[in-house]
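Colleague: Structure for the following, please:
(one chain, ligands or ions: 1)
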Amino acid sequence: MDKSNILEIKDLHVTFYTEDGVVRALHGVSYDVPENETLGVVGESGCGKSVTALSVMRLLPRPQARVEQGEIWFRDKDTGEEINLLNLPEEHMRHIRGNKISMIFQEPMTALNPVYTVGDQIEEAVLIHNPKMSQKEARERAIEMLKTVGIPAPEKRVDDFPHQMSGGMRQRVMIAMALSTNPEILIADEPTTALDVTIQAQILELMNKLQEQFGMSIILITHNLGVVAQNADKIAVMYLGRIVEKAPVREIFHDPKHPYTEGLLASVPRLDKGGLKEHLPGISGSLPSPYNPPPGCKFHPRCPYAFDKCRVEEPPQVEISPGHTVCCWLHTKEETRHE
Ligand code: SF4
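Modeller: Residues are numbered from 1 along each chain as shown. You can find the predicted model right below:
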């Protein structure tokens, strides 16, 4: 592993075997997560962002999902050990999950148990990972975490049930629960999708603040490039199970190379171009069926620049500048356009 990284995913291939057919959910996904940085993983629903995250947590649905190939390396900051998570016995993985790598999910109402108070649920998370802690200490920790994530009157709200809280509050509880064990990596899967824009901004700001305070790395998964603009250091853009472009955030926004990234950017309203009044072109068509993906470049049916080769051969990943990679025939040196 590179010394600056805490997580490295290498050439990950995951397939789902379902009653309706076989889906190659990930083919050849690789990305690095540096220490104390945020990696934004962006793409439309169904492109493989969450499948990659669930692979890291080893929470893929079984027996349908199978990791066919690849490695997921994690550096344990406490021991300095480099571990391939995919080879880890389940008992050791349980220790990593929650303690070292935590995940917050998109819809807090389904992730929180409605019949327990939020305090009980945070306490349970704390006690599972710190079995020597007393119940009283766990409750104090739960109150402290609710305070950290900005819940007013945490001593009272700790006894609330999830339905007594607003969507924004519940999302804060999820973050409190995920951070209660001081993880080294926080995976946030669409953490603000169900919230209105003001609360979204507050939650993202809170995550940035907590990242500074706790010194952790974040994988921020979203379909919205606008969300990662101010919150990520690097961005990986995914399309139908592949990373099609990866670069530092500034390069993605100022000099996108992949036509899909261009399309995603074109669908983000910009204040300097008329804000919400502006006409947003977006990307034509929709994501092809994963059961029957197109040959060649998977983006070719929707790409305004597609030419003959795109329809038959999948483009390789090429590095066009340090840290900036793209999968598109337009950016391979030997390529010439035929149309
Ligand atoms: Fe478009 Fe061809 Fe590039 Fe794919 S390889 S993104 S179809 S130009």
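Colleague: What residues does the chain have near the ligand?
Modeller: Taking C-beta under 6 Å from any ligand atom, the part of the chain that reaches the ligand is made up of 258-259, 297, 299-300, 303, 305-306, 310, 315, 328-330. For the C-beta atoms, the positions are set from N, CA and C on the backbone; glycine is no exception.
Colleague: And the most centrally placed residue in the chain, its phi and psi?
Modeller: The residue lying closest to the centre of the chain (C-alpha atoms, centre = their mean) is I221, at 2.8 Å. Main-chain torsions, I221, degrees, to the nearest 10: phi -100, psi 130.
Colleague: And for the one 10 residues further on?
Modeller: When read as degrees, to the nearest 10, the backbone of N231 gives phi -120, psi 0.
Colleague: same deal with L39?
Modeller: phi -100, psi 120.
Colleague: does it have beta-bridge partners, and which?
Modeller: As for beta bridges, L39 partners with I219, K234 under DSSP bridges.
Colleague: surely it meets M238?
Modeller: No - counting by C-beta atoms under 8 Å, M238 is not a contact partner of L39; they are 11.8 Å apart.
Colleague: got the residue ranges for the strands in the stretch 151-300 of the chain?
Modeller: 185-189, 217-222, 234-239, 242-248 (DSSP state E, counting those that start in this stretch).
Colleague: Kindly present those as JSON lines, with separate columns for mean pLDDT.
Modeller: Shown next, in JSON lines, are the strands of the stretch 151-300 of the chain (pLDDT from 0 to 100):
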{"stretch": "strand 185-189", "mean pLDDT": "92"}
{"stretch": "strand 217-222", "mean pLDDT": "93"}
{"stretch": "strand 234-239", "mean pLDDT": "96"}
{"stretch": "strand 242-248", "mean pLDDT": "96"}
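Colleague: so who does the residue nearest to the centre of the chain touch?
Modeller: With contact set as C-beta atoms under 8 Å, 6 or more residues apart in numbering, I221 has these partners: 40-41, 49-50, 53, 187-190.
Colleague: In a markdown table, list the strands of the stretch 151-300 of the chain along with distance to K100.
Modeller: Below are the strands of the stretch 151-300 of the chain laid out as a markdown table (distance: least, C-beta to C-beta, whole Å):
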| stretch | distance to K100 |
| --- | --- |
| strand 185-189 | 7 |
| strand 217-222 | 11 |
| strand 234-239 | 21 |
| strand 242-248 | 24 |
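Colleague: And the ones you listed: which comes nearest R172?
Modeller: strand 185-189 (12.5 Å; C-beta to C-beta).
Colleague: Taking strand 217-222 as reference, get the angle to the closest one.
Modeller: 10 degrees (axes from the mean of the first three to the mean of the last three C-alpha atoms, to 10 degrees).
Colleague: Count the neighbours of the nearest residue to K100 once chain neighbours are set aside for me.
Modeller: Closest residue to K100 apart from its sequence neighbours, by C-beta to C-beta, 6 or more residues apart in numbering: E184 at 5.1 Å. Number of residues near E184 (other C-beta atoms under 10 Å) recorded here: 23.
Colleague: per-residue pLDDT, E184?
Modeller: The score at E184 is 92. That number is its pLDDT.
Colleague: Check E339 too.
Modeller: Reported pLDDT for E339: 43.
Colleague: just to revisit the earlier point, buried ones among the residues of the chain next to the ligand?
Modeller: 258-259, 297, 299-300, 303, 306, 310, 315, 328-330 (16 or more other C-beta atoms under 10 Å).
Colleague: so who does the closest residue to C297 other than its chain neighbours touch?
Modeller: Nearest residue to C297, sequence neighbours excluded (C-beta to C-beta, 6+ apart): C310, at 4.5 Å. C310 makes contacts with 296-297, 300, 303, 329, as judged by C-beta under 8 Å, 6+ apart.
Colleague: Please repeat the previous calculation with a cut-off of 6 Å.
Modeller: 296-297, 300, 329 (C-beta atoms under 6 Å, 6 or more residues apart in numbering).
Colleague: who are the neighbours in contact with the residue in the stretch 1-150 of the chain that the ligand sits nearest to?
Modeller: Relative to the ligand, the nearest point of the stretch 1-150 of the chain is G43 (13.8 Å; C-beta to the nearest ligand atom). Neighbouring residues of G43 by C-beta under 6 Å, 6+ apart: 49, 238-239.
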